[in-house]
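Trainee: Here is my input, please return the structure:
(one chain, ligands or ions: 1)
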Amino acid sequence: MKILVINAGSSSLKYQLFDMENEAVMAKGLCERIGINGSVLTHKPTGSEPVKYVEDMPDHVAAIKLVFKALTASNGGVIKDMSEINAVGHRVLHGGDKFSESIVIDEKVKAAIRECIPLGPLHNPANLMGIEACEKIMPDVPQVAVFDTAFHQTMPPKAYMYAIPYEYYEKYKIRRYGFHGTSHRFISARTLELLGHPENARVITCHLGNGSSIAAIKDGKCVDTSMGLTPLEGLPMGTRSGSIDPAIVGIISENEKLSAAEVVSILNKQSGVLAISGVSSDFRDIEDAVAKGNERAKLALEMFEYEIVKYVGSYIAALGGLDALVFAGGIGENGPETRESIVNQLHTFGLKIDAEKNKARGKEVDITGEGSSAKIFIVPTNEELMIARDTKNLIAAR
Ligand code: ADP
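Mentor: Predicted coordinates for the structure are as follows:
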């Protein structure tokens, strides 16, 4: 079975084609500047050189058509014909409280994704464009939606409600939803395998990348997570502030003569470790700057780690203990110093890291130190594979 996984943004579209016989990626690629001058597709067949297509992509339909051209081309193609694709799995950002798992797409599902646009105003419309483009080009191929929010739907009300007037929850569905759910689900499922499926396992998953979030997971179900109504809440991130005093929005708005929406945009795009370090949103640049003695870069890194330590500590309390702490995402998988510093700051809980094993980058490793109170793992995340697996399972069950 061959499954195409699509992550459609407003002007970009990422794809991966999986052969589900062995869960291997046959090819992946990225369309950029869709609907903008100078659009380009970079196609990477596994094991051979990337191929670039500098061709007009006025909309997502054109982008998907070009993806098919790349997938079937004599130069860099990996399939003979698009009829070889059995199903398409789409990443969808916001499923609100309507979706607690992945689902085969039909008109009702599309309508529900549309109803969630106020909650994900940038992403959901783009995700829908990707879905509709595929429907147009391959009307007989089943499509599946996999939601970033779905895994977190098991949170109890005490974790997902905000203490603001109740009518805002009723009228606008303002509550915590959480994101990176597909990643937290992938990491926690693998962690449970590594632990040997004990009963009521208490796991904390740290997805640390450009965007970062932490989840508390009991018996495979999410009970709390750091991101909120939107992916802005929680940890300080590459360019996002994470949690701040909400009164700050009003004060900046008044002093800088900016609308609330403009301030929120600053909190999303011009804040986080980028703003504190003044160097970059990329943690590699920040680590380089720290090595050269840059004090603000050091502060940015310290703030990032400190918030992670606070979340993990509070989630150990929420879970009533801990069986495994897991690191994933660009920094979680590739940042030994950050991992070591975080675990050392959690010593009061008896967590100990193995400094030698922790030197690993980008692969699954048990980095638990001798005498540690809980297991500590690096588990590389793979959201695309999870989407492909969900798609395969839903199609097979039809
Ligand atoms: P996204 O959230 O966009 O999926 P990733 O999970 O790929 O992002 O994470 C990107 C982040 O991971 C960047 O800040 C990058 O600097 C960081 N990262 C990647 N490799 C390394 C590394 N070797 N050392 C430290 N940080 C790294």
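
Trainee: what's the most centrally placed residue in the chain in contact with, if anything?
Mentor: Among the residues of the chain, H180 comes closest to the average C-alpha position under CA atoms, centre = their mean, at 3.5 Å. Neighbouring residues of H180 by CB atoms under 8 Å, 6 or more residues apart in numbering: D148, H207, G211, S213, A215, M227, P231. In this view, the C-beta of every residue, glycine as well, is placed from N, C-alpha and C.

Trainee: swap in D366?
Mentor: L194, K357, K375, I376, F377.

Trainee: The last one reaches S188, doesn't it?
Mentor: Going back to what we said before, that points to F377. No: between F377 and S188 there is no contact under CB atoms under 8 Å: 10.7 Å.

Trainee: overlap in contacts of those two?
Mentor: Both F377 and S188 are contacted by V326, under the criterion CB under 8 Å, 6+ apart.

Trainee: So which of those two has more stuff around it?
Mentor: Taking other CB atoms under 10 Å, F377 and S188 do not tie; S188 has more neighbours (24 against 21).

Trainee: that's a helix at that one, yeah?
Mentor: Yes: under DSSP: H, G, I helix; E, B strand; the rest coil, S188 falls within a helix.

Trainee: Now the residue lying closest to it once chain neighbours are set aside: phi and psi?
Mentor: With CB to CB, 6 or more residues apart in numbering as the criterion, S188 has its nearest non-adjacent residue at 4.7 Å, and that residue is I217. When read as degrees, to the nearest 10, the backbone of I217 gives phi -130, psi 120.

Trainee: For I217, give me the pLDDT.
Mentor: Among the per-residue scores, I217 shows a pLDDT of 98.

Trainee: if we look at the ligand, which of the contacts of H180 are close to it?
Mentor: Residues of these in contact with the ligand (CB under 6 Å from any ligand atom): G211.

Trainee: List just the nearest of the contacts of H180 to the ligand.
Mentor: Checking these against the ligand by CB to the nearest ligand atom gives G211 as the nearest, at 4.6 Å.

Trainee: quick one: the closest one from V104, how far?
Mentor: Distance from G211 to V104, counting by CB to CB, to the nearest Å: 28 Å.

Trainee: Tell me which of the two has more neighbours.
Mentor: Using other CB under 10 Å, the more surrounded residue of G211 and V104 is G211, with 20 against 15.

Trainee: List the residues that contact the more buried one.
Mentor: The neighbours of G211, taking CB under 8 Å, 6+ apart as the test, are F179, H180, P231, M237, G238, R240.

Trainee: As CSV, the residues you listed with secondary structure would be great.
Mentor: Shown next, in CSV, are these (three-state DSSP):
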residue, secondary structure
F179, coil
H180, coil
P231, coil
M237, coil
G238, coil
R240, coil
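
Trainee: Regarding A63, what is its secondary structure?
Mentor: A63 - assigned by three-state DSSP - is helix.

Trainee: my read: it touches S11, true?
Mentor: No: with contact defined as CB under 8 Å, A63 does not reach S11; the gap is 9.6 Å.

Trainee: list residues touching both of these two?
Mentor: What both A63 and S11 touch, as defined by CB under 8 Å, 6+ apart, is the set I34.

Trainee: So for these two, which residue has more residues nearby?
Mentor: Between A63 and S11, counting by other CB under 10 Å, A63 is the more crowded of the two (27 against 16).

Trainee: can you tell me how far that one sits from A216?
Mentor: 38 Å.

Trainee: residues contacting the nearest residue to D354 once chain neighbours are set aside?
Mentor: Closest residue in space to D354, ignoring its immediate chain neighbours: G369 at 4.5 Å, by CB to CB, 6+ apart. The contact partners of G369, taken as CB under 8 Å, 6+ apart, are V343, L351, K352, I353, D354, A355, I376.

Trainee: quick one, phi psi at the third one?
Mentor: Listed backbone geometry of K352 is phi -140, psi 140, with angles given as degrees, to the nearest 10.

Trainee: Use 48 as the first number for this chain going forward.
Mentor: Sure thing, new numbering starts at 48, so read that last one as K399.

Trainee: so what's it up against?
Mentor: If you count contacts by CB under 8 Å, 6+ apart, then K399 has V390, T415, G416, E417, G418, S419, S420 around it.

Trainee: burial measure for the second one, as a count.
Mentor: Around T415 there are 21 other residues, counting by other CB under 10 Å.

Trainee: from the contacts of H227, which single one is nearest P383?
Mentor: H254 (17.2 Å; CB to CB).

Trainee: now the helices for the stretch 48-197 of the chain?
Mentor: 107-119, 154-162, 170-184 (DSSP state H, counting those that start in this stretch).

Trainee: from the middle of its chain, how far away would stretch 61-72 be?
Mentor: Relative to its parent chain, stretch 61-72 has a centroid offset of 19 Å by CA atoms, centre = their mean, to the nearest Å.
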